[in-house]
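With the sequence up front, the predicted model follows.
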Amino acid sequence: MEKRWTLSDFEIGKPLGRGKFGHVFLAREKKSNHIVAIKVLFKSQLKQSQVEHQLRREVEIQSHLRHTNILRLYGYFYDQTRVYLILEHAAKGELYKELQKCKYFSEKRAATYIASLARALIYLHGKHVIHRDIKPENLLLGTQGEVKIADFGWSVHTFNRRKTMCGTLDYLPPEMVESVEHDASVDIWSLGVLCFEFLYGVPPFEAKEHSDTYRRIVEVDLKFPSNPIVSSASKDLISKMLVKDSSQRLPLHKLLEHPWIIQNADPSGIS
Ligand SMILES: Nc1ncnc2c1ncn2[C@@H]1O[C@H](COP(=O)(O)OP(=O)(O)OP(=O)(O)O)[C@@H](O)[C@H]1O
């Protein structure tokens, strides 16, 4: 049986930040002395924005994941007005802020993050989970500076079809057999965008007008700035991820064997 948590199990510490729906606090579980982050969400706000369903899915998915580069969700509890999520504490905070501070990362640091994220995505996809929202704002940093995927609000579990089709796989057309892998390749695209942003400090299809960004994405209008100077190996990798035909994007296990990753990524995941 899983433990039923209550607020009295924790000593609440300093605020770590606030989001759209609630506040995050440092906390200590009294019995174990374990340090965690507690996210407090107001039920009224969740209802108003009609995101209860999304939150339930997020909790359901994230609580079953175990990977160094995925933020752990240990459990949850609620009272009359609030929902509490017990999260792994990411001691070094938001990656987004680091990127703002440095403007752009070194190739070693970028490659280390990208390799760690590729490993986390391989793990997720193996569990039929597609993240669909990989971006700097959703990444946190652990004690050693290791990157952690934190926000599962847009993730989906693509298992339902398999369960419901159980036993009748013989009749599935190729596009449906392939669709899980096909869907997962959205995360490869996002990882390519992220890699560009890590190295240049700006996302690749940025434009003043929304409509222009849209057009640049659809056309895959990929241009590498001349500044900062970035290795051709990294550009080669990015070009292999940002491919319009999703079936032609570099598979994540191949990404891990790419020369730029081999030469630059720290295998420990610490940068
Ligand atoms: N597990 C954690 N460890 C350390 N800091 C955290 C943790 N979770 C959240 N934070 C901090 O608290 C802030 C608010 O987090 P929260 O997830 O509520 O909102 P968000 O993801 O920034 O925004 P949104 O509400 O739009 O999803 C984060 O930006 C981060 O600085």
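Arrived safely. Residues are numbered from 1 along each chain as shown.

contacts, neighbours, all on C-alpha from now
Will do.

which parts of this structure sit against the ligand?
Proximity of the chain to the ligand (Cα under 6 Å from any ligand atom) is limited to residues 16-24, 37, 87-91, 93-94.

Which of those are buried, as a PyMOL select command?
Burial among these is assessed by 16 or more other Cα atoms under 10 Å; the matching PyMOL selection reads:
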select buried, resi 16+22+23+24+37+87+88+89+90+91+93+94
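
and the residues of the chain next to the ligand, which of them are in strands?
Of the residues of the chain next to the ligand, the ones assigned to strands by DSSP state E are Leu16, Gly17, Arg18, Gly22, His23, Val24, Ala37, Leu87, Glu88, Gly93, Glu94.

Need the nearest residue in space to the third one, chain neighbours excluded.
Right, the one you point to is Arg18. Closest residue to Arg18 apart from its sequence neighbours, by Cα to Cα, 6 or more residues apart in numbering: Val24 at 5.9 Å.

So the one you found sits against Gly13, correct?
No - between Val24 and Gly13 there is no contact, the gap being 9.9 Å when judged by Cα atoms under 8 Å.

Who's the closest spatial neighbour of Leu46, skipping the chain neighbours?
Using Cα to Cα, 6+ apart and skipping the chain neighbours, the partner closest in space to Leu46 is Glu52 (5.6 Å).

The one you found: neighbour count?
By other Cα atoms under 10 Å, 15 other residues sit near Glu52.

I'd like the distance between it and Gln45.
From Glu52 across to Gln45, the span is 9 Å (Cα to Cα, to the nearest Å).

just to revisit the earlier point, tell me how far the residue nearest to Leu46 lies from Val59.
Distance from Glu52 to Val59, by Cα to Cα: 11 Å.

go on, Lys14?
For Lys14, the distance to Val59 - Cα to Cα - is 24 Å.

the more surrounded of those two?
Neighbour count, other Cα under 10 Å: between Lys14 and Val59, Val59 has more, with 17 against 10.

What residues of the helix or strand where that one lies count as buried?
According to DSSP states H and E, Val59 maps onto helix 52-62. The neighbour-count check on helix 52-62 (16+ other Cα under 10 Å) flags Gln54, Arg57, Glu58, Val59, Ile61, Gln62 as buried.

now stretch 148-161
So stretch 148-161, judged by 16+ other Cα under 10 Å, has buried residues Lys148, Ile149, Ala150, Asp151, Phe152, Gly153, Ser155, Val156, His157, Thr158.

Pull up the gap between Leu237 and Asp79, please.
48 Å.

Mind checking which of those two has more residues around it?
Remark: of Leu237 and Asp79, Leu237 carries more neighbours, 19 against 11, as counted by other Cα under 10 Å.
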